[in-house]
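> How does the following fold in three dimensions:
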Amino acid sequence: MEEQLKEKQELLEDGDHERYSHYVQKNKITESAVMGTPVLALCGKKWIPGRDPEKFPVCPDCKRIYEGLKK
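Numbers count the residues shown, from 1 in each chain. Just a heads-up that it's a prediction; the model follows:
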């Protein structure tokens, strides 16, 4: 159990990414909520969601990548 917690903590990143909401596949967010597994944003940030994304601006890197995918 301790090993799993340590592994999850290593996946969490600090820095500018923490100030934004990120784009992630919807099914991965659901899976994360149920299983507690980390998600991977379009920009490459890997973390376990746990805050209200409505309270933060959208990550400019995620937005740019997403808009490029729509074309």
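
> Return the set of buried residues in stretch 49-58.
Buried residues in stretch 49-58, defined by neighbour count with 16 or more other Cβ atoms under 10 Å: residue 49. (Each C-beta comes from the backbone N, C-alpha and C, glycine too.)

> And the average pLDDT for it is what?
Mean pLDDT, stretch 49-58: 91.

> Work out the gap between it and the centre of the chain.
Here the centre of stretch 49-58 is set off from its chain's centre by 10 Å, with Cα atoms, centre = their mean, to the nearest Å.

> what's the straight distance from one end of it to the other?
From its first residue to its last, stretch 49-58 covers 14 Å (Cα to Cα, to the nearest Å).

> so how far is stretch 50-59 from its chain's centroid?
For stretch 50-59, the separation from the chain centroid amounts to 10 Å (computed by Cα atoms, centre = their mean).

> swap in stretch 38-47?
With Cα atoms, centre = their mean, you get 4 Å for stretch 38-47.

> buried residues in it?
Buried residues in stretch 38-47, counted by 16+ other Cβ under 10 Å: 38-39, 41-43, 45, 47.

> ok, of the residues you listed, which one's closest to residue 23?
For those, the residue nearest residue 23 by Cβ to Cβ is residue 42; the value is 4.7 Å.

> Would you agree that closest one is in contact with residue 65?
Yes: using Cβ atoms under 8 Å, residue 42 is in contact with residue 65, at 4.3 Å.

> Of the buried residues of stretch 38-47, which is the nearest to residue 60?
Nearest member of those to residue 60, counting by Cβ to Cβ, is residue 43, at 8.6 Å.

> for the closest one, phi and psi?
Backbone torsions of residue 43, given as degrees, to the nearest 10, read phi -80, psi -10.

> Would you mind measuring from it to residue 62?
Remark: distance between residue 43 and residue 62 (Cβ to Cβ, to the nearest Å) = 5 Å.
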